[in-house]
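S.K.: Build me a structure from this.
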Amino acid sequence: MLVQTAQGIAPDGLPYQVVTLSNRKGMSIQVMDWGATWMSCKVPVQNELREVLIGCEIEHYQVQNAYFGATVGRYANRIANGQFSLKGKEFSLTTNQNLHHLHGGVIGFDKQRWLIKKCGESAVSFKLFSPDGDQGFQGNLEVTVTYYLTEENCVEIVFDAISDKDTPLNLTNHAYFNLVDAIHGVDIRSHFLSLNANYYLPVDMEGIPNSPLTALQETSFDFRHLKPIAQDFLQDDQVIVKGYDHAFLLNKTNNQEPSAVLRASDNSLTMQVWTSQPALQLYTGNFLGGNPARNSGTYQDYSGVALESQALPDTPNHPEWWKYGGMTKANEKYHHWTRFQFL
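M.R.: Take a look at the predicted model:
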């Protein structure tokens with residue numbers, strides 16, 4: 001474990017704090033306190049360390065707009081028109097994607113300084129306090145995010161939170177993966193992907209759900225068996241959002257099967273995703289183009305794929321989905337985890 005004060009000054013006028021965790025197999029990850037962000041993930045592959053996370057130089061995190069590796073909250077994904085009703089009370093949230101609330105709003109958790117709560121050889125915890133009224137949400141909320149790196153080359157991210165009032169709550173990590181070349185961001189559509197899901201959510205051109213949960217059999221959204229991402233790309237209603245940017249309702253198998261499997265196009269590396277969350281947002285980096293890259297250039301669209309474990313988008317406006325999570329009661333403990341296993 002190594003804690004460093006990094007070069008560059010965050011928006012709050014203080015330097016970034018970066019934590020490096022490593023294991024005996026040589027794998028290492030880096031996370032920083034600004035946005036509790038997962039910055040780097042280097043995995044031993046064929047006798048070398050391969051960077052598998054899309055990211056940028058630390059001074060460019062302020063200008064990138066893709067949420068690179070950030071902890072996202074209070075509500076990941078979109079809330080339509082930045083509005084919802086809860087127990088007869090109307091709430092208006094800050095809006096940052098046209099009229100909609102995206103990934104926590106104008107000053108979401110990704111744009112705040114988290115406190116390093118605990119740091120050890122194989123884990124680091126970050127803590128954040130979100131006051132009542134933050135971005136329009138009610139309730140004083142305490143959040144802890146813990147990153148673990150195991151000796152089995154597994155990264156586990158655990159989210160714990162509690163609010164003193166009922167509130168929408170949907171936390172995720174927004175990492176983008178490229179198992180072949182995350183430095184330059186080669187096109188990830190040649191990667192292979194499978195998802196343990198039978199239903200997905202159709203969306204309109206702004207990413208707002210516009211239909212009920214829909215069976216994916218015999219559609220381009222059918223990833224029940226490993227296939228190239230490019231195989232059915234830009235078919236069905238993918239066209240209106242330039243690719244996949246859709247939520248999939250996961251099959252719950254008591255962790256007997258992974259929720260997702262991502263495999264490099266040359267079969268050199270596989271990542272399994274396991275999670276307690278009810279859904280997963282597949283985003284193929286449709287609008288990554290122009291964001292700063294690690295090599296001082298810029299990424300192109302489709303340079304990385306995000307597999308965001310979470311509740312369904314716009315759940316506050318869909319009581320029929322509350323059973324899948326996304327709404328937390330006062331003083332009820334929120335606890336979710338996601339594991340990324342590299343093989």
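
S.K.: Which residue ranges of the stretch 1-150 of the chain form strands?
M.R.: Along the stretch 1-150 of the chain, the segments classed as strands by DSSP state E, counting those that start in this stretch run 2-9, 15-22, 28-32, 37-45, 48-51, 71-72, 78-79, 83-86, 89-92, 101-102, 115-119, 123-130, 141-149.

S.K.: quick one: strands adjacent to the fourth one?
M.R.: By that I understand strand 37-45. According to DSSP bridges, strand 37-45 forms sheet pairs with strand 28-32 (antiparallel), strand 48-51 (antiparallel).

S.K.: now that strand against strand 141-149, angle please.
M.R.: In terms of direction (axes from the mean of the first three to the mean of the last three CA atoms, to 10 degrees), strand 37-45 departs from strand 141-149 by 20 degrees.

S.K.: Contacts for strand 37-45, please.
M.R.: For strand 37-45, contacts defined as CB atoms under 8 Å, 6 or more residues apart in numbering pick out 18, 25-32, 49-53, 55, 58, 61, 68-71, 110, 147, 153, 155, 157, 173, 175, 268-269, 340, 342. Where you see a C-beta, it was placed from the backbone N, CA and C, and this is true even at glycine.

S.K.: Which parts of that strand count as buried, going by neighbours?
M.R.: Of the residues in strand 37-45, 37-45 count as buried by neighbour count, 16 or more other CB atoms under 10 Å.

S.K.: so residue 115 makes contact with residue 125?
M.R.: No - taking contacts as CB atoms under 8 Å, residue 115 lies outside contact range of residue 125: 9.2 Å.

S.K.: between the two, who's got more neighbours?
M.R.: residue 125 (19 against 13; other CB atoms under 10 Å).

S.K.: quick revisit: which one of the strands of the stretch 1-150 of the chain lies closest to residue 244?
M.R.: strand 78-79 (15.3 Å; CB to CB).

S.K.: helices or strands up against the closest one?
M.R.: Other elements packing on strand 78-79 under the criterion 3 or more CB pairs under 8 Å, 6 or more residues apart in numbering; DSSP states H and E are strand 101-102.

S.K.: The residue nearest to the spatial centre of the chain: what's it in contact with?
M.R.: The centre of the chain sits closest to residue 174, judged by CA atoms, centre = their mean, with a distance of 2.5 Å. By CB under 8 Å, 6+ apart, the contact set of residue 174 is 66-72, 76, 103, 110, 306, 308.

S.K.: Give me the distance between it and residue 305.
M.R.: 12 Å (CB to CB, to the nearest Å).

S.K.: Which residues are in contact with each of those two?
M.R.: What both residue 174 and residue 305 touch, as defined by CB under 8 Å, 6+ apart, is an empty set.

S.K.: Show me what residue 19 bridges to in the sheet.
M.R.: Applying DSSP bridges, one finds that residue 19 bridges with residue 3, residue 31.

S.K.: Count the neighbours of the closest residue in space to residue 294 that isn't next to it in sequence for me.
M.R.: For residue 294, ignoring the flanking residues on the chain, the nearest one in space by CB to CB, 6 or more residues apart in numbering is residue 183 at 5.0 Å. Neighbour count for residue 183, taken as other CB under 10 Å: 15.
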